[in-house]
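Trainee: Starting from these lines, generate the structure:
(one chain, ligands or ions: 2)
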Amino acid sequence: MQTRYYAITPENRQALAEVGGILRAGGLVGIPTETVYGLAANALDGAAVAKIFQAKGRPQDNPLIVHIAAFPQLYALVREAPMQAAALAHAYWPGPLTMILPKSRLIPDAVSAGLDTVAVRMPSHPLAQAIIQAAGVPLAAPSANLSGSPSPTTAQHVLDDMQGRIDAVVDGGPCEVGVESTVITLAAARPRLLRPGGITLEQLRAVLGEVEVDRAVEQQLAAGEKAASPGMKYKHYAPAAHVVIVRGPFERYASYVNRHAGPAVAALCYEGEEHALRVRAFPCGQRDDPASQARHLFDALRALDDAGVKTAYARCPEKSGVGLAVYNRLLRAAAFEIVDV
Ligand code: AMP
Ligand code: MG
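Mentor: Ligands and ions are numbered 1, 2, ... in the order given. Next comes the predicted model:
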C-alpha cells in the first residue's frame, strides 16, 4: 500500500474531501490532533476499526477513543450523558480530555474491546475537526504509532512507523500538547482519573469536586490485576533504549549520570543542563515548565533510539499539573525503574 501524504490547512476543501472519502470508504488515515497524531477510521464501521488494530499490532483488548467534532454527536454514541459530562465538555471541550461513558448500540465491539463503555473526545486541532466533519462520521483513533513504541507527535513519526500500512497521513505540524489526552471515567460510582494528560487533575476537580485517581496512574499493576483502563497495563511509550528515572536534585542527578558515563549512555535532562553532563544529553523541555516537557517527551524518546543509545538516565518530573502526565508516561518508558539519589 502506498501511503498518501497531505500537507494541508483546514481551508483546503478539495484535499479534505479526499481524506473524508478515504475514511468513509473504510480506510485508515493518520491525523494531527493537539495531543498526539491519531490513526483514524470510521468509528461506526467494525471492519474499518479492525484494520487499526492490525496496522498498529495493538492488543485486541485495548479499546479506542472516538473523536467527534460537535457536542450533540455525543448523544448517539452513549446510553446516558450525566450532568458531569456536560459540565466537563462545557469547560474543556474541544480539548485534550476523554470521557468514558456507557456505550450505545451504535458502537462496534471492536471500538470498545468488548467493554460496555466507550471513550469519547472532541479534539481542538482545527485540522482534526475539519477531517471529522469531512468524513461525516465519528472517528475511532488511537495514537498512530506501532503498538508499544512512543506516540507520534509529528507526521514524520507517523510515517516512520506506518508508511505502507495506512492509506494516508495528514501533516498538521508538531503537536501542541505532546502527550495523549486525559482519560476520566464517568461510568463508575465516582469520577475517576484513568490516565493523566493535558487537562490536569486540578482542572477536573475544579469542575467536579472530588475525582479519584486510579492506582494504575502511578503504580505498576500486579500480574493478573484487572486494569480499569486496559491501555495502562501495557509497557507503553517505551523506546528500545533502557530508561532509568534518577530522582533527586540536579547536582546529585548530574554526578550519578557522570559516574555512569559511557559511549552508549545518554541523559534525558532539561534545557540548559547539558553543560554539566559528561554524556550525550537529550534536552526535553524546561525544568519548571511541565507543558514544555510534555511537548518534547516522545520526540526525545524516539531520538534516543535514532542515536543508538543503550541506557538513558532521565530527570524525574514534578507531579503537579501536566507534570503528572509526563511522570506517568516516563514511568512506563522506564518500566517503573527509579533510582533515588
Ligand atoms: P490511545 O488512543 O492509544 O491513547 O489509547 C486509548 C486509551 O484510552 C487507552 O489507555 C485505553 O485503555 C483507554 N480507553 C479507551 N476506551 C476505554 C474504555 N471504554 N474504558 C476504559 N479505558 C478506555
Ligand atoms: Mg497509544
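Trainee: Provide the backbone phi and psi angles at the single nearest residue of the stretch 51-200 of the chain relative to ligand 2.
Mentor: Taking CB to the ion, ligand 2 has its nearest neighbour within the stretch 51-200 of the chain at Ser143, 3.4 Å off. For the C-beta atoms, the positions are set from N, CA and C on the backbone; glycine is no exception. The phi/psi pair for Ser143 (degrees, to the nearest 10) reads phi -60, psi 150.
Trainee: Which residues are in contact with it?
Mentor: Contacts for Ser143 were tallied using CB atoms under 8 Å, 6 or more residues apart in numbering; they are Val36, Tyr37, Gly38, Leu39, Ser151, Pro152, Glu180.
Trainee: is it in a bridge, and if so with what?
Mentor: Using DSSP bridges, the beta-bridge partners of Ser143 come out as Gly38.
Trainee: now, among the contacts of Ser143, which is nearest to Leu268?
Mentor: Ser151 (16.2 Å; CB to CB).
Trainee: all helices in this structure, in order from the N-terminus.
Mentor: In the chain, the helices defined using DSSP state H lie at 13-24, 46-56, 74-77, 83-92, 109-112, 126-135, 155-162, 201-208, 250-259, 290-306, 323-333.
Trainee: in the fifth one, what's buried?
Mentor: It stands for helix 109-112. Of the residues in helix 109-112, Ala110, Val111, Ser112 count as buried by neighbour count, 16 or more other CB atoms under 10 Å.
Trainee: same deal with the longest one?
Mentor: Residues of helix 290-306 classed as buried: 290-304 (neighbour count, 16+ other CB under 10 Å).
Trainee: Could you work out the most separated pair of the residues you listed?
Mentor: Greatest spatial distance among those (CB to CB): Ala291 and Leu304, at 21.4 Å.
Trainee: got a list of what Ser320 touches?
Mentor: Contacts for Ser320 (CB under 8 Å, 6+ apart) come out as Glu202, Pro290.
Trainee: Phi and psi next, for it.
Mentor: Torsion angles at Ser320 (phi, psi; degrees, to the nearest 10) stand at phi -90, psi 160.
Trainee: pretty sure Asp214 is touching Pro230, no?
Mentor: No - if you go by CB atoms under 8 Å, Asp214 and Pro230 don't touch, sitting 11.9 Å apart.
Trainee: residue nearest the centroid of the chain?
Mentor: The chain has Glu180 as the residue nearest its centroid, 2.3 Å off, counting by CA atoms, centre = their mean.
Trainee: pLDDT at it, what is it?
Mentor: Reported pLDDT at Glu180 in the predicted model: 97.
Trainee: One more: Ala222?
Mentor: 79.
Trainee: How many neighbouring residues does it have?
Mentor: As a burial measure, Ala222 scores 7 neighbours (other CB atoms under 10 Å).
Trainee: what about it, distance to Arg4?
Mentor: Remark: distance between Ala222 and Arg4 (CB to CB, to the nearest Å) = 45 Å.
Trainee: which one is the residue of the stretch 151-300 of the chain found nearest ligand 1 nearest to, not counting chain neighbours?
Mentor: As assessed by CB to the nearest ligand atom, ligand 1 sits closest to Gly231 within the stretch 151-300 of the chain, at 2.0 Å. Leaving aside its chain neighbours, Gly231 sits nearest to Asn62 (5.2 Å; criterion: CB to CB, 6 or more residues apart in numbering).
Trainee: sorry, back to before: what's near enough to touch the residue of the stretch 151-300 of the chain closest to ligand 1?
Mentor: If you count contacts by CB under 8 Å, 6+ apart, Gly231 has them with Asn62, Pro63, Arg195.
Trainee: Just give the number of residues close to the second one.
Mentor: What that stands for is Pro63. If you count neighbours by other CB under 10 Å, Pro63 ends up with 25.
Trainee: nearest spatial neighbour of it, skipping sequence neighbours?
Mentor: Spatial nearest neighbour of Pro63, excluding adjacent residues (CB to CB, 6+ apart): Ala113 at 3.9 Å.
Trainee: Return the residues in contact with the one you found.
Mentor: Going by CB under 8 Å, 6+ apart, the list of residues near Ala113 reads Gln60, Asp61, Asn62, Pro63, Leu64, Pro230.
Trainee: correct me, but the residue nearest to the centre of the chain touches Ile199?
Mentor: No - with contact defined as CB under 8 Å, Glu180 does not reach Ile199; the gap is 11.4 Å.
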